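>>> Okay, sequence plus prediction incoming.
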Amino acid sequence: MQTVKIVVTGPFNAGKTQFIRTVSEIDVVSTERKLTADTERQVKESTTVAMDFGRITIDENLVLYLFGTPGQRRFDFMWEILSEGMLGFIVMVDSTRPETFHEARSILEAFKSFAPTPYVVAANKQDLEDAWDVEDLRIALRLGPNVKVVPCIATDKESVKRVLLELLYSIIEYLDEMESTEQQQSRR
């Protein structure tokens with residue numbers, strides 16, 4: 001059986017924990033802690049402080065292990081630890097919160113520096129009226145046309161599966177290219 005480690009990352013409150021909970025076939029192992037109310041407009045009651053962990057079996061030969069990162073910068077020391085051994089990653093972006101786009105771009109760059117693996121950007125909350133269009137989000141995040149930006153609703157299982165499939169296609173393509181390159185080098 002082949003296991004694939006995938007990391008789900010992104011800014012605070014982008015939907016990472018919900019994304020994993022929606023698709024995981026096991027109860028998600030979560031390290032959430034209660035937030036202290038420091039503002040009147042509390043967005044959520046808890047935050048991930050170390051990681052979330054879920055699992056999904058694709059078929060009898062393939063299992064995905066999903067690791068969610070904390071979104072707050074004060075826990076960013078966990079990012080590099082969680083990136084070890086990953087075959088790909090997903091950057092979750094809250095499409096309704098343009099004030100987080102710069103941070104999402106910064107997180108994307110950090111993960112690219114940890115490992116040269118395939119990734120996709122999940123444009124979450126696409127079911128909401130004020131969600132940015134996927135192509136506008138691509139421009140705001142300064143992403144090239146080769147980067148997959150996938151519309152997502154983290155509470156919808158089919159939507160989450162589409163994001164995961166897009167990443168898996170990218171991983172397979174990447175592994176095929178690496179194998180082809182290795183074969184060409186061994187012929188020399």
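Noted; the coordinates are in hand.
>>> contacts and neighbour counts: CA atoms only from here.
Noted.
>>> Show me what the longest helix along the chain packs onto, helices and strands only.
Longest among the helix segments of the chain by residue count, using DSSP state H, is helix 157-187. Packing partners of helix 157-187 (3 or more Cα pairs under 8 Å, 6 or more residues apart in numbering; DSSP states H and E): helix 16-23, strand 88-94, strand 119-124, strand 149-151.
>>> rerun at 7 Å
helix 16-23, strand 119-124 (3 or more Cα pairs under 7 Å, 6 or more residues apart in numbering; DSSP states H and E).
>>> List the buried residues in it.
For helix 157-187, burial by neighbour count (16 or more other Cα atoms under 10 Å) applies to 157, 159-161, 163-164, 166-168, 170-171, 174.
>>> Mind putting these into JSON lines with pLDDT and distance to Ala104?
Conversion of the buried residues of helix 157-187 to JSON lines gives the following (pLDDT from 0 to 100; distance: Cα to Cα, whole Å):
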{"residue": "Lys157", "pLDDT": "97", "distance to Ala104": "23"}
{"residue": "Ser159", "pLDDT": "98", "distance to Ala104": "20"}
{"residue": "Val160", "pLDDT": "97", "distance to Ala104": "19"}
{"residue": "Lys161", "pLDDT": "96", "distance to Ala104": "21"}
{"residue": "Val163", "pLDDT": "98", "distance to Ala104": "17"}
{"residue": "Leu164", "pLDDT": "96", "distance to Ala104": "19"}
{"residue": "Glu166", "pLDDT": "97", "distance to Ala104": "19"}
{"residue": "Leu167", "pLDDT": "97", "distance to Ala104": "18"}
{"residue": "Leu168", "pLDDT": "95", "distance to Ala104": "21"}
{"residue": "Ser170", "pLDDT": "96", "distance to Ala104": "20"}
{"residue": "Ile171", "pLDDT": "95", "distance to Ala104": "21"}
{"residue": "Tyr174", "pLDDT": "94", "distance to Ala104": "23"}
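>>> Distance to Ser24 added to these, as CSV?
Compiled in CSV, the buried residues of helix 157-187 are given as follows (distance: Cα to Cα, whole Å):
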residue, distance to Ser24
Lys157, 10
Ser159, 13
Val160, 10
Lys161, 10
Val163, 14
Leu164, 12
Glu166, 17
Leu167, 16
Leu168, 16
Ser170, 21
Ile171, 20
Tyr174, 25
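>>> Return the closest of these with respect to Gln185.
Tyr174 (16.6 Å; Cα to Cα).
>>> Phi, psi for the closest residue in space to that closest one that isn't next to it in sequence please.
Using Cα to Cα, 6 or more residues apart in numbering and skipping the chain neighbours, the partner closest in space to Tyr174 is Pro118 (7.0 Å). With angles defined as degrees, to the nearest 10, Pro118 sits at phi -60, psi 150.
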